[in-house]
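1. my questions concern the predicted model and sequence given below.
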Number of protein chains: 2
Amino acid sequence: MTTAYRDPPPYYRLHVFCCVNRRPDGHPRGCCAAKGAARLRNYLKARAKELGLDDVRINASGCLDRCALGPTLVVYPEGVWYGYESIEDLEEILQRHLIAGGRVERLMLAPETAAPPRSAGTPSGTA
Amino acid sequence: MTTAYRDPPPYYRLHVFCCVNRRPDGHPRGCCAAKGAARLRNYLKARAKELGLDDVRINASGCLDRCALGPTLVVYPEGVWYGYESIEDLEEILQRHLIAGGRVERLMLAPETAAPPRSAGTPSGTA
């Protein structure tokens, strides 16, 4: 449907959103913040700047609602999702996907690896 | 380049990111939060839920770095940016773009309407 429009060219070549949402301690769904998401996102942002990736934006975001798989990030416009745990994971995403245009298959989230928000039976994220 | 990959289907049909970044009062670049972004984003999120748009996610995000045009939001995967001021603006984006797949041309941001982050001469957003 969107191909019927001549939308402007992308403002960022790649726009990365890293969930840094924090829920209260003990929440049954957990949260990315409790798994170090803010520190990890800061690393990725600093590295992108260090490497001069001016056309890539590393954003913080509210809850992306795939909490059990977190920390999570999503890369647009391609809509590829990753779950990661470490700086090494992010470095691999940076080098192989954000710079080289490839994929880090071992970290990619498949669509079926998280239930849709409304069927999870628990409240959605606050942000 | 991304078309060389068979990426998973989109997890959300549309993924909307609304900047809710707040800078200190008096900051020369201003911020979306000072222009009511949080309240407006909450409206859009509630309306999407009310209308049963389960395949559309309305996320809060950190600084999208087009502050002078804010509050701003971006709709992925198409990468269409909007600047908006009111609930009426958001309702129009909701009905015409998020539901009907069209565009609200009067609110769309053109690529040239904000300088790239690195040339602005002021610090980038904190989130």
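-> On my side now, so go ahead.

2. now A:Arg96. Nearest residue, chain neighbours left out?
-> Take A:Arg96 and drop its neighbours on the chain: the residue closest to it by C-beta to C-beta, 6 or more residues apart in numbering or on different chains is A:Gly102, 4.6 Å away. Bear in mind the C-beta positions are built from the backbone N, C-alpha and C, glycine included.

3. hang on, that neighbour is in a helix, isn't it?
-> No: judged by DSSP: H, G, I helix; E, B strand; the rest coil, A:Gly102 forms no part of a helix; its state is coil.

4. mind checking the longest helix of chain A?
-> As far as residue count goes, and with DSSP state H defining each element, the longest helix of chain A is helix A:37-50.

5. C-terminal to it, what's the next element?
-> Going down the chain from helix A:37-50, the next helix or strand is strand A:56-61, by DSSP states H and E.

6. quick one, that next one and strand B:56-61 angle?
-> Interaxial angle of strand A:56-61 relative to strand B:56-61 (axes from the mean of the first three to the mean of the last three C-alpha atoms, to 10 degrees): 100 degrees.

7. now strand A:56-61: buried residues?
-> Applying a neighbour-count criterion of 16 or more other C-beta atoms under 10 Å in any protein chain shown, the buried positions in strand A:56-61 are A:Val56, A:Arg57, A:Ile58, A:Asn59, A:Ala60, A:Ser61.

8. pLDDT score assigned to A:Leu109?
-> Confidence at A:Leu109, expressed as pLDDT, is 94.

9. what does the one 10 residues further on give?
-> You'll see A:Ser119 listed with a pLDDT of 38.

10. which stretches of chain A have low pLDDT?
-> Applying pLDDT under 70 to chain A flags residues A:1-4, A:114-127.

11. residues of it that sit close to chain B?
-> Chain A has residues A:1-2, A:5, A:7-11, A:15, A:17, A:54, A:57, A:59-66, A:74, A:76-81, A:101-103, A:108-111, A:114, A:116-118, A:127 near chain B, with proximity defined as C-beta under 8 Å from any C-beta of the partner chain.

12. now the helices for chain A?
-> Assigned by DSSP H, chain A shows helices spanning A:37-50, A:87-92.

13. and the residues of chain A next to chain B, which are buried?
-> Those of the residues of chain A next to chain B that meet the buried threshold are A:8, A:10-11, A:15, A:17, A:57, A:59-66, A:74, A:76, A:78-81, A:103, A:108-109, A:114, A:117, A:127, by 16+ other C-beta under 10 Å.

14. nearest residue to the middle of chain A?
-> Nearest to the geometric centre of chain A sits A:Leu73, at 0.9 Å (C-alpha atoms, centre = their mean).

15. what are the bridge partners for that residue, then?
-> On the basis of DSSP bridges, A:Leu73 takes part in beta bridges with A:Cys18, A:Tyr82.

16. show me the contacts for it.
-> A:Leu73 makes contact with A:Val16, A:Phe17, A:Cys18, A:Cys19, A:Arg41, A:Leu44, A:Leu64, A:Trp81, A:Tyr82, A:Tyr84, A:Ile93, according to C-beta atoms under 8 Å, 6 or more residues apart in numbering or on different chains.

17. which one is the last one nearest to, not counting chain neighbours?
-> Leaving aside its chain neighbours, A:Ile93 sits nearest to A:Val104 (5.3 Å; criterion: C-beta to C-beta, 6+ apart).
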